[in-house]
Structures are given as structure tokens and as C-alpha cells.
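> Would you be able to build a 3D model of this:
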Amino acid sequence: MTSTLRLWGLFSAILILPCLSQAEAIIHHQLHVKLAAGDGRILVRDTISLPPQQTPFNFSLNAGLSPAAVDPGVRIDLADEMPSSPELKVYRVTLPQGRSQFTLKYQGNLSTAAAIPGNPQGNQAYLSADGVYLDGNSHWYPQFGNELLTFSLDVQIPPSWRSISQGIKRPLLIDGHSDVQWDEDHPQQEIYLLAAAYHEYQRSVDGISAVVLLRSADQALADQYLAAIAKYVVMYKRLLGPYPYRKFAVVENTWESGYGMPSFTLLGPRVMRFPFILHTSLPHEILHNWWGNGVYVDYSQGNWSEGLTAYLADHLLREQQGQGVSYRRNALLRYTNYVSAGNDFPLKDFQGRHNEATQAVGYDKALMVFHMLRMQMGDKDFLTALRNFYHEQRFHLASWDDLRQAFEAVVGHSLRSDFDQWLNRRGAPALQLHAARAQPKGDHYQLSVDISQDQAGPAYHLHVPVAVQLAGRRQAWQTVVEMTQKQQTVQLTVPSRPWRLAVDPHFDVFRRLDPGELPPSLSEAMGADSLLVVLPSAAPSSLREAYAQFAQAWSADGVGIEIRWDKDLSQLPADHAVWLLGWENRFLPKMAADLQPQMSLSATGATVDKQSLTRTEQAVVLTARHGGASGTVLMWLGCDNPAAFPGLARKLPHYGSYSYLAFSGNAPTNMLKGQWQVVNSPLYMQVTQSDHALAPAGSIVLPPRAALIAADAPTAAHGK
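A predicted model of the protein is given here:
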């Protein structure tokens with residue numbers, strides 16, 4: 001689950017206020033709103049305070065709303081300018097000389113032809129008896145371009161309802177109605193307004209309000225979220241600096257979502273009840289209040305926020321559990337499997353996630369860039385640079401260049417060439433280890449290591465970790481080598497006889513992985529440029545139909561997917577990925593042979609990770625390699641329950657990093673998942689000894705690495 005930050009600057013009409021710098025162009029809205037949500041109507045009075053400027057000027061507003069000026073001498077006319085979408089109209093405002101404030105009144109039903117992603121109602125603005133959702137994309141308030149704004153918003157809603165927006169809430173009593181005013185004096189990019197019959201739970205957390213708004217009363221669930229908010233707000237405050245808002249709220253949505261807004265998150269009813277969300281998506285959304293909703297993204301130079309948030313939330317939380325290596329390996333796995341020459345693009349061009357390839361570049365490549373910076377700078381300097389960046393850029397638009405300058409100010413030298421190769425260049429380096437030779441040199445050993453970069457194009461400037469297992473030492477000796485050439489021999493002096501060597505064993509370098517480094521996985525098959533799906537002709541008719549529909553669904557979403565029946569094939573191709581379907585598939589013995597000795601597979605069941613699986617009780621998904629350790633992936637799905645196929649089609653993309661899976665029931669429910677062990681990585685090698693000494697059996701023992709911040713680090717006290 002990742003957040004949806006509003007890309008308002010990309011989709012709004014180009015209506016820039018003349019001659020205003022970012023620091024000057026702060027517009028203030030004083031909004032009085034009445035929601036007649038049952039009728040889908042909104043009534044608004046908006047007093048707008050502008051920076052000093054020349055007039056006339058333009059603003060855009062939802063086409064379902066008709067604005068009228070309240071002040072004498074203020075003219076509102078339809079502008080000649082074409083709106084950016086049919087749901088908008090553009091108006092020209094002419095103010096009397098010397099005026100910079102005016103008041104509008106408008107009401108109506110919002111035009112909502114454009115869809116909110118994931119909203120089954122298909123609306124961009126949602127007003128009904130069930131609740132209200134309004135954001136900047138719906139243009140429910142006047143917008144003057146890409147301006148930053150502050151606002152005061154009082155809302156009249158039904159007595160049993162509660163509202164939520166940015167800022168801090170103040171109770172009001174107007175004409176006998178119990179209303180609420182939201183005040184936000186920090187510059188914002190847009191104004192949100194949500195309302196419904198929420199049940200509200202609140203707790204004070206280190207000077208801010210933790211809030212949970214649920215659609216049905218659930219004290220236990222609210223307490224879980226309040227405790228998690230307290231934990232992560234305080235953790236990130238210690239890590240990066242003060243939390244930028246006066247509240248953080250978890251709001252239950254009417255449709256399934258995972259949106260991150262300034263000072264709150266909007267989670268779907270099913271999503272927020274998954275127990276893992278508390279310690280995965282929630283900290284990610286909380287952290288977005290520093291990155292993206294605290295320091296804003298200058299999209300003209302690319303979106304740095306998602307990668308930095310993924311690194312300091314998703315990656316950091318796994319690192320705290322001792323799983324940082326596997327997280328980075330899976331990030332590189334996703335890039336390797338989903339990004340090809342045909343869909344790759346420079347990181348500076350990333351705006352938002354649309355599919356697996358854009359996520360692999362914008363999230364996984366970006367987080368690895370931040371990880372490499374951290375490895376080069378050290379934890380203290382890395383965090384100092386981020387804290388300085390946050391302090392200097394809070395509530396401003398910031399770019400990759402601003403980040404680079406923040407890191408340069410700490411390290412004391414230019415990082416332009418490093419940033420350039422990761423931001424402006426497509427692709428990734430690909431490392432190969434060719435030879436490792438050692439000979440005695442006094443009381444030490446001279447170790448020569450041949451490494452290459454095998455990607456197309458020039459060499460990258462890399463800092464490559466190397467680990468060497470030495471005689472008489474339990475843990476490996478480690479160093480970092482600087483690599484600037486595509487073919488390079490590295491000379492190392494080690495204190496005792498070297499037995500084995502590993503290049504980048506912790507997956508600290510962003511690079512395209514060799515297939516031999518990784519276990520086969522679902523994402524390798526699902527991200528392949530060409531995929532052959534082989535159906536089981538001997539299966540019962542009901543299963544043949546279910547398998548065929550399953551394959552057609554995948555084919556509709558994929559490129560280069562071919563579907564064949566097993567009876568029409570004499571052998572499986574070795575040059576692209578293959579997906580076998582069915583316990584009756586005639587190529588099942590081939591799958592079973594490629595899986596040995598890691599597990600056993602027959603036409604009636606399988607034994608995986610010491611667990612027995614039967615075809616009558618479980619749906620099983622397995623991956624293997626055909627054609628050797630570096631061969632293409634072979635994937636197999638066996639399921640005798642047609643009712644489980646829709647759920648499998650929906651769920652399997654979320655298990656891309658795994659080598660094997662098992663599900664039970666119609667839903668179906670995952671009951672087993674894991675990755676095969678890698679035993680022959682091409683970046684691990686025995687060291688050739690000049691005196692012909694034989695290395696004893698064993699592996700490289702890597703010392704543990706501390707997390708950026710410990711999971712049990714002390715936090716400030718909080719009360720209810």
C-alpha cells in the first residue's frame with residue numbers, strides 16, 4: 001500500500017499569477033461552507049486575499065458552480081481561455097485599483113465526470129448522504145494556478161456528522177448549528193474537505209492530536225491506530241525534526257483506498273482492518289507529512305518523495321527487524337524483472353506510479369539512490385543532510401537539485417556527477433566477478449579481484465562493498481572499492497589467508513541482478529517481456545474453462561503473452577518465461593525435475609518447506625529455472641477449485657518476490673510463502689591460492705549491520 005499524493009500541479013489549468021515568486025504567491029481563502037450532501041449540493045462563500053498584483057486575472061472553478069461577486073466594483077466574467085477539462089470553467093476577475101481582496105458566493109452540484117482512482121462511484125468529487133470527499137482536483141474552490149495557499153474553513157454539516165481537513169479544528173456555534181472551523185496557516189497545495197457520520201477517537205501525542213475517524217464504533221481498532229500513530233510520529237520526529245502539523249488523523253473511507261494527505265490519511269474499510277497496515281502503510285503515510293506533504297515536490301524535476309519515503313519507512317522498518325538485506329534484494333529484483341529497455345526511463349522523469357515498471361524506477365531505484373548516499377556518507381551525515389533539507393524547505397516546493405545541495409553542504413564537495421548518473425541516465429549497472437587470486441606478501445596476503453560492469457553504455461562510478469572470509473576469523477573482512485571502469489582489477493591487502501570472496505553481498509549497490517544471484521520468483525515471470533502460458537488439455541472441462549479464463553485475464557493486461565494447450569507443444573522453449581497451469585499439465589514432470597532437491601512435486605500433491613500440500617485442499621504456485629542456474633523462469637499453478645481463480649488473479653501480483661505460495665479456500669487465503677535458497681551466486685567465489693592451499697568448506701559470515709534508528713529507541717511519553 002502506497003500513498004496517492006495529489007499531482008495538482010500537473011493537471012491544473014495554466015493560470016499563473018503574474019510576476020510572483022513562490023515566497024510571495026500565498027493566497028488565503030476564508031471559506032464558509034454548507035453541505036447539502038443528500039442533494040449533492042454545496043453552498044460556499046469565499047473571501048480571497050491575494051498578494052499585490054495587477055488585474056485582471058483568471059481563476060478556474062468547477063463547471064457546476066456559478067460564482068458571483070459580493071463586493072461592489074468587482075467584476076466576474078467568463079474568460080476566453082479554454083479550461084483544462086470539460087468539468088471546469090475559467091473566469092476573469094477585475095478588481096478596483098488597489099484592491100487585493102474580494103468575496104465570491106457560489107453553489108450548485110459539482111460536475112464530476114473524471115474518476116477518483118479506486119472510487120466505485122467514479123466521481124472526482126463525492127457528495128452524498130453517505131459522506132463527502134472534496135479535493136483540489138474537483139475545483140470546488142477557486143484556483144489561480146500553481147499557487148500555495150492558506151485557509152480558514154468553517155463547515156455546516158448534519159449534527160451527527162464530523163468533518164476533516166488540514167489544520168486544527170475549532171468548534172463554532174452559528175445560528176444554532178454546531179459547526180467546525182479548520183484553520184491552516186502553513187502554505188498548502190490544495191484544500192481537502194471530508195465529512196460523514198464518523199465516530200471520533202483522540203489522544204494527545206507529544207504536543208499533537210492523534211485522531212481516528214471510523215464509520216462504525218470500534219474502540220479496540222481505534223486504540224490500535226492511536227498507539228501506532230504515537231509510536232511513528234515520535235520516531236520520525238526524533239529522526240528528522242518536528243512534525244509539521246498539529247494533528248495526524250486516520251480516516252475510514254467509503255471505498256478502498258490508501259491516500260496520504262497533509263495531516264491525515266484516508267484508508268479503505270477493508271484495508272485499515274488488515275493487521276499489517278498498522279506497521280507498513282500507516283508509517284509510510286505518516287512519514288509523507290515530512291516528505292511530500294511537508295516539503296512539497298517540484299514535479300518539473302521529478303518526484304523524489306516516494307523513494308525517500310519508501311527508504312525511511314518501508315525499508316527502515318524491515319531493517320529494524322534485521323531484514324534490510326532481503327528488502328533491498330527484493331527492490332533490485334523488482335527492477336530487474338519489471339524494467340526493460342522498452343519501458344525504462346530516467347528517474348528525473350518519474351511523476352507517479354502507474355504500473356510495476358514505474359514503481360520499480362520511482363520507488364525502488366530512488367530508495368537505492370538514497371541508500372548508496374547513506375553508505376558513502378555514514379548515518380550521522382546522511383541524517384544531518386536530511387534534517388537540514390527538511391528545515392530549509394518545509395512548506396516549499398523542492399527538487400532533486402535541492403536535495404543534492406543539502407547533501408553537498410554536509411559532505412563538502414560536489415555530488416553533481418553522482419546524481420546525474422542516477423537521475424538522468426536510463427538503466428542500471430550490472431556487476432560480474434571473474435577471478436579472485438591471492439598470494440602471500442610478508443605477514444599479509446595480496447588479493448587481486450577482477451570485476452566488470454557488463455551493462456550497455458559507459459561505466460558508472462560505483463562504491464562496491466567487498467567481503468572476504470579469512471582464515472582464523474569468524475566474520476568476514478569488509479571493505480569498499482571504488483569502481484570507475486567497465487573492466488577493473490582491484491588490489492586488496494588482507495591480514496590473513498583469504499578463502500572466499502563476495503561482491504556486494506548486502507545488496508547495497510543499485511544494479512541489475514544476474515539471474516544466478518536470485519531465486520526464481522513470480523515477478524520474474526509476470527514482468528517477462530515474453531511469456532508462454534501452457535494450459536492443461538487433460539484437465540476436467542470445468543477446470544479447463546477456469547484455467548483458460550485465468551490465462552485470458554493475464555493476457556489482456558500483459559504484453560507478449562502467448563497462450564497454448566500442452567497437447568500442442570512438443571517441448572518448452574528455453575528462451576523466454578513459461579507459466580504452466582494445472583495438476584494435469586503434461587509438462588509437470590519437467591517442473592518437478594527442475595525443483596529437485598528443494599522440494600518434491602507429483603500429480604497429487606507437493607512437499608514444500610516440510611509442509612505437505614494436496615491438490616484437493618490447496619492452490620499451489622511454484623517457480624523454478626529451466627536451462628540452468630541463470631536460465632529463464634518456469635512457473636506453475638495448480639488449483640482444483642474454480643471458485644478460487646478470481647481471488648488468485650487479484651492476489652498473485654502482490655506476492656511477486658516469492659518463489660512458492662500456497663492458498664486455501666475460495667477467497668483464497670495465503671497459508672505458505674517463501675523464497676528458494678540461492679547457493680551458486682555468480683558474485684561469490686573461492687579465492688585461487690598461489691601456494692595451492694585448499695579452502696575449507698563453509699560460507700561467508702557477514703557481520704550484522706545496525707539500522708538507521710533502532711526499533712526500540714526511546715520515545716517521548718504521551719498521554720490520553
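> Quick check: phi and psi at residue 665.
phi 80, psi 180 (degrees, to the nearest 10).
> Give me the nearest residue to it, chain neighbours excluded.
residue 644 (7.2 Å; Cβ to Cβ, 6 or more residues apart in numbering). All C-beta atoms are positioned from the backbone trio N, CA, C, and that covers glycine.
> Which secondary structure state does the one you found sit in?
helix (DSSP: H, G, I helix; E, B strand; the rest coil).
> Please list all residues in contact with it.
By Cβ atoms under 8 Å, 6 or more residues apart in numbering, the contact list for residue 644 reads 619, 663, 665, 666, 667, 668.
> Need the worst-confidence member of these.
pLDDT across the contacts of residue 644 is lowest for residue 667, at 91.
> Thought residue 646 was touching that residue, still the case?
No. Contact status for residue 667 versus residue 646: not in contact, 9.7 Å apart, counting by Cβ atoms under 8 Å.
> got any residues that touch both of the two?
With the criterion set as Cβ under 8 Å, 6+ apart, the contacts of residue 667 and residue 646 do not overlap.
> ok so, going back, just the buried members of the contacts of residue 644?
Among the contacts of residue 644, those buried by neighbour count (16 or more other Cβ atoms under 10 Å) are 619, 663, 668.
> Sitting in strands, which of those residues do you find?
By the criterion of DSSP state E, membership of these in strands covers 619, 663.
> just to revisit the earlier point, quick one: the residue nearest to residue 665 and residue 349, what's the gap?
40 Å (Cβ to Cβ, to the nearest Å).
> now do residue 429
In terms of Cβ to Cβ, residue 429 sits 19 Å off from residue 349.
> neighbour count winner among those two?
residue 429 (21 against 15; other Cβ atoms under 10 Å).
> For that one, which residues are in contact?
453, 455, 459, 460, 462, 509, 510, 511, 512.
> same thing with residue 393?
295, 402.
> Low-confidence ranges, the stretch 551-700 of the chain, go.
Scanning the stretch 551-700 of the chain for pLDDT under 70 picks out the ranges 556-559, 627-630, 692-698.
> Quick check: next helix or strand after the least confident helix or strand in the chain by mean pLDDT?
Least confident helix or strand of the chain, by mean pLDDT, DSSP states H and E, is helix 8-11 with a mean of 32. Sequence-wise, the next helix or strand downstream of helix 8-11 (DSSP states H and E) is strand 26-36.
> which neighbours does that next one have in its sheet, and in what orientation?
Within its sheet, strand 26-36 is paired with strand 41-49 (antiparallel), strand 148-156 (parallel), according to DSSP bridges.
> just the ones you listed: most buried one?
Counting by mean count of other Cβ atoms under 10 Å, strand 148-156 has the highest mean neighbour count of those, with a mean of 21.
> I'd like the mean pLDDT over that strand, please.
Here the average pLDDT along strand 148-156 is 94.
> roughly how far is it from the heart of the chain?
Distance of strand 148-156 from its chain centroid, counting by Cα atoms, centre = their mean, to the nearest Å, is 30 Å.
> Now distance to residue 418 too, for the strands paired with strand 26-36, in TSV please.
Below are the strands paired with strand 26-36 laid out as TSV (distance: least, Cβ to Cβ, whole Å):
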stretch	distance to residue 418
strand 41-49	44
strand 148-156	31
